[in-house]
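K.L.:
Quick one, structure for this:
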Amino acid sequence: MSSLVIETSELGKVFKTPWMRKKITAVADVSLKVSQGESFGFIGPNGAGKSTTIKILMGSLRPTSGQAKLNGLECSDPKSRIGVGYVPESPYLYDYLTPLETLEMGCKLHHVREQNSRAYCMDWLEKFSLAHVASRKIRTFSKGMAQRTALAYALAVRPRLLVLDEPLSGLDPVGRKEVIDILMDYRIQGGALFFSSHVLYDVERLADRFGLIHQGRLTTVQSPAELVGETSMMVVRSLGETVVAGMVGDSFGHWYAEIEQNRLWPLLDLLRTSGHSIVEVRPKISLETAFMAYVSKETPLVSR
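P.N.:
Residues are numbered from 1 along each chain as shown. Predicted coordinates for the structure are as follows:
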């Protein structure tokens with residue numbers, strides 16, 4: 001079996017709008033590869049083409065041009081989605097069921113065999129902080145609770161590949177951290193993760209590589225560190241009582257400096273010998289800032 005779990009080649013999707021007598025290009029010439037065990041972040045602003053690409057991969061849309069494969073098979077082949085867990089941006093769940101019933105149904109459909117199916121599903125609901133509402137109807141849930149139920153379902157079926165469209169949408173800060181931790185554990189265990197997001201902080205925490213899609217075109221594929229690493233400036237924050245040359249302080253003992261990378265280690269050594277505690281060391285430019293700078297260089301895609 002191929003080590004590639006996702007492969008697209010010159011993928012394109014054009015929507016026709018007869019009432020407006022024109023065509024709208026949602027995706028154009030998207031070519032990418034994702035390997036087993038890799039975490040790939042698919043990022044871009046709203047309307048960039050992320051969800052359209054994912055719907056093509058999941059077989060709910062047919063491409064206008066190009067090719068898309070899952071697990072070595074054309075996405076039009078239902079067998080390509082064997083071993084794939086999928087959560088759309090707005091997941092539809094049978095709201096007359098409970099979370100426990102939903103996960104038990106999913107395990108049966110995906111032939112997940114456990115001696116105690118109920119205990120297995122309850123374990124997943126516990127991980128997503130849903131065990132206490134396992135027997136409540138989903139129709140009574142908030143958006144965040146429904147999102148966590150869908151994510152628990154997708155992971156309970158033991159996917160080889162997990163495809164998530166804005167997986168942290170609707171979650172509160174505690175829920176976001178819990179889901180991030182679960183997805184990181186999934187990666188450590190060798191699962192492949194393909195997720196879309198316009199929240200770049202999520203990408204920095206989860207992705208080995210990212211693809212930046214803007215106005216339907218895939219403009220770059222890099223690691224977050226590669227994009228951020230284009231800056232030569234670093235931010236250093238420390239906590240201490242001693243004045244250190246180059247550091248700007250306040251009355252509460254917090255110190256701050258922006259320096260060139262080649263001055264970083266000498267400054268850290270000086271802070272250490274001065275009794276300071278290092279609070280933060282990071283590139284001056286954030287992934288979000290780098291993203292905006294990169295996008296500003298791109299030529300807009302004109303609808304045809």
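K.L.:
beta partners of residue 22?
P.N.:
Taking DSSP bridges, one obtains residue 17 as the residues bridged to residue 22.
K.L.:
and what of residue 218?
P.N.:
Assigned bridge partners for residue 218, using DSSP bridges, are residue 213.
K.L.:
what sits against it?
P.N.:
29, 30, 31, 32, 211, 212 (Cβ atoms under 8 Å, 6 or more residues apart in numbering). Every residue, glycine included, has its C-beta placed from N, CA and C.
K.L.:
wait, the fifth one sits on residue 34?
P.N.:
No - taking Cβ atoms under 8 Å as the definition, residue 211 is not a contact partner of residue 34, at 9.1 Å.
K.L.:
list the residues that contact both of these two?
P.N.:
Common neighbours of residue 211 and residue 34 (criterion: Cβ under 8 Å, 6+ apart): residue 40.
K.L.:
Now the phi/psi pair for residue 42, please.
P.N.:
In terms of degrees, to the nearest 10, the main-chain angles of residue 42 are phi -110, psi 100.
K.L.:
Can you check the pLDDT for it?
P.N.:
The model reports residue 42 with a pLDDT of 91.
K.L.:
Just the element for the residue nearest to it when sequence neighbours are not counted, please.
P.N.:
Nearest non-adjacent residue to residue 42, counting by Cβ to Cβ, 6 or more residues apart in numbering: residue 196, 4.3 Å away. Per DSSP states H and E, residue 196 falls inside strand 192-197.
K.L.:
Number of residues surrounding residue 224?
P.N.:
21 (other Cβ atoms under 10 Å).
K.L.:
gap between it and residue 202?
P.N.:
Distance, residue 224 to residue 202, using Cβ to Cβ, to the nearest Å: 11 Å.
K.L.:
shared neighbours of these two, anything?
P.N.:
What both residue 224 and residue 202 touch, as defined by Cβ under 8 Å, 6+ apart, is the set residue 41.
K.L.:
Okay, now the unreliable bits of the chain?
P.N.:
Counting by pLDDT under 70, the chain contains low-confidence residues at 1-2, 20, 227-232, 251, 285-290, 293-304.
K.L.:
how far off strand 192-197 does the helix or strand encompassing residue 30 point, in degrees?
P.N.:
According to DSSP H and E, residue 30 maps onto strand 22-35. Going by axes from the mean of the first three to the mean of the last three Cα atoms, to 10 degrees, strand 22-35 is angled at 140 degrees with respect to strand 192-197.
K.L.:
Format the CA atom coordinates belonging to strand 22-35 as PDB.
P.N.:
In PDB, the C-alpha atoms belonging to strand 22-35 read as follows (Å, rounded to 0.1, in the frame of the first residue of the first chain):
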ATOM      1  CA  LYS A  22     -20.600  33.300 -15.100                       C
ATOM      2  CA  LYS A  23     -18.400  30.700 -13.600                       C
ATOM      3  CA  ILE A  24     -16.700  30.900 -10.200                       C
ATOM      4  CA  THR A  25     -13.400  29.300  -9.700                       C
ATOM      5  CA  ALA A  26     -13.200  27.900  -6.200                       C
ATOM      6  CA  VAL A  27     -10.100  25.800  -6.600                       C
ATOM      7  CA  ALA A  28      -7.400  26.000  -9.300                       C
ATOM      8  CA  ASP A  29      -4.400  23.700  -9.900                       C
ATOM      9  CA  VAL A  30      -4.000  22.400  -6.300                       C
ATOM     10  CA  SER A  31      -1.200  19.800  -6.200                       C
ATOM     11  CA  LEU A  32      -0.100  18.300  -2.800                       C
ATOM     12  CA  LYS A  33       0.900  15.100  -1.100                       C
ATOM     13  CA  VAL A  34       0.400  14.000   2.500                       C
ATOM     14  CA  SER A  35       2.200  10.900   3.800                       C
END
